[in-house]
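# sequence-free structure coming up:
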């Protein structure tokens with residue numbers, strides 16, 4: 001429970017850089033700057049390898065929260081490694097262990113995934129960052145679950161956050177709320193100083209929707225790939241005026257799990273295709 005000496009290397013920031021280099025490489029491809037694209041992909045591949053060597057802890061089956069000033073692993077169990085799944089920097093063979101750790105009871109409150117394990121000495125469900133639940137944090141984690149094919153877990157997080165939102169005035173998502181354990185008789189408690197409304201909390205709704213539907217837009221090709229997995233509590237979904245470049249679609253999805261039908265109500269149906277999100281986004285990951 002003692003403070004970590006600075007400078008600190010947070011795990012998720014490594015993933016953000018990795019993701020940014022790969023996305024920028026795609027832009028360079030479109031601009032015809034192929035050497036720049038190759039250079040960034042090379043940097044991303046090197047970071048992919050070095051990150052896993054520096055941050056993975058085999059004994060716990062989880063990534064270090066950060067490295068301290070001496071580059072030693074800080075093995076505090078926090079929600080930050082969930083962002084690594086979103087960025088794609090986690091080797092596929094380790095993703096399941098990260099997901100399983102985040103969904104244990106000390107991290108998963110039933111109202112969302114906590115920022116800090118309930119088993120940590122500094123845990124306080126009513127604190128700002130030491131055990132509370134942040135909607136935007138959970139949105140990123142849900143997208144990470146989906147990216148590696150953990151559809152059920154992504155939908156579970158979506159259910160937690162959406163049900164929590166139903167308890168707040170006007171269904172507005174607060175910046176954060178208490179990470180108390182859901183027991184069937186309680187309700188989420190908003191953090192006293194939480195911002196409401198807040199942009200990234202409100203944006204969580206779209207992240208969770210993206211995780212359920214499996215959006216994989218390819219605007220440069222004019223194509224929209226989907227990988228929907230509908231939970232039992234959401235048997236049908238209609239998306240209206242969905243924009244992709246110059247295209248606009250109305251799409252209805254019905255069914256359960258992977259057994260769903262996709263009906264294009266408006267727009268060019270030939271440009272809406274199904275593709276596994278693991279296959280699609282896996283193409284962006286380098287260094288495997």
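All right, it came through fine. Here the structure is a predicted model, which is why all the values come from computation and not from measurement.

# Okay, now the unreliable bits of the stretch 51-200 of the chain?
Within the stretch 51-200 of the chain, not a single segment meets pLDDT under 70.

# Mind jotting down where the strands sit in it?
56-57, 62-63, 66-67, 73-74 (DSSP state E, counting those that start in this stretch).

# just how off-centre is the first one within its chain?
It refers to strand 56-57. 20 Å (Cα atoms, centre = their mean, to the nearest Å).

# what does that strand rub up against?
Strand 56-57 has contacts (Cβ atoms under 8 Å, 6 or more residues apart in numbering) with 63, 64, 73, 75, 94. C-beta here means a position set from N, CA and C on the backbone, and glycine is covered the same way.

# just the second one next, same as before
Residues outside strand 62-63 that contact it (Cβ under 8 Å, 6+ apart): 11, 55, 56, 57, 75, 77, 81, 84, 90, 97, 98, 101.

# how much space between the residue nearest to the last one when sequence neighbours are not counted and residue 22?
This points to residue 101. Nearest residue to residue 101 in three dimensions, chain neighbours excluded: residue 62, at 4.9 Å (Cβ to Cβ, 6 or more residues apart in numbering). Relative to residue 22, residue 62 is positioned 24 Å away (Cβ to Cβ, to the nearest Å).

# Please apply the same query to residue 250.
Distance from residue 250 to residue 22, by Cβ to Cβ: 31 Å.

# ok, the two, which is more surrounded?
Under the neighbour definition other Cβ atoms under 10 Å, residue 250 and residue 22 were set side by side, and residue 22 has more, 22 against 14.

# Helices along the stretch 51-200 of the chain, start to end?
81-87, 92-102, 135-147, 151-165, 199-202 (DSSP state H, counting those that start in this stretch).

# Can you say which of these is packed in most?
Highest mean neighbour count among those (mean count of other Cβ atoms under 10 Å): helix 135-147, with a mean of 26.

# Run the chain-centre distance for that one.
For helix 135-147 - counting by Cα atoms, centre = their mean - the centre lies 2 Å from the chain centre.

# That one packs against which elements?
In terms of contacts (3 or more Cβ pairs under 8 Å, 6 or more residues apart in numbering; DSSP states H and E), helix 135-147 is packed against helix 81-87, helix 151-165, helix 199-202, helix 204-213, helix 277-282.
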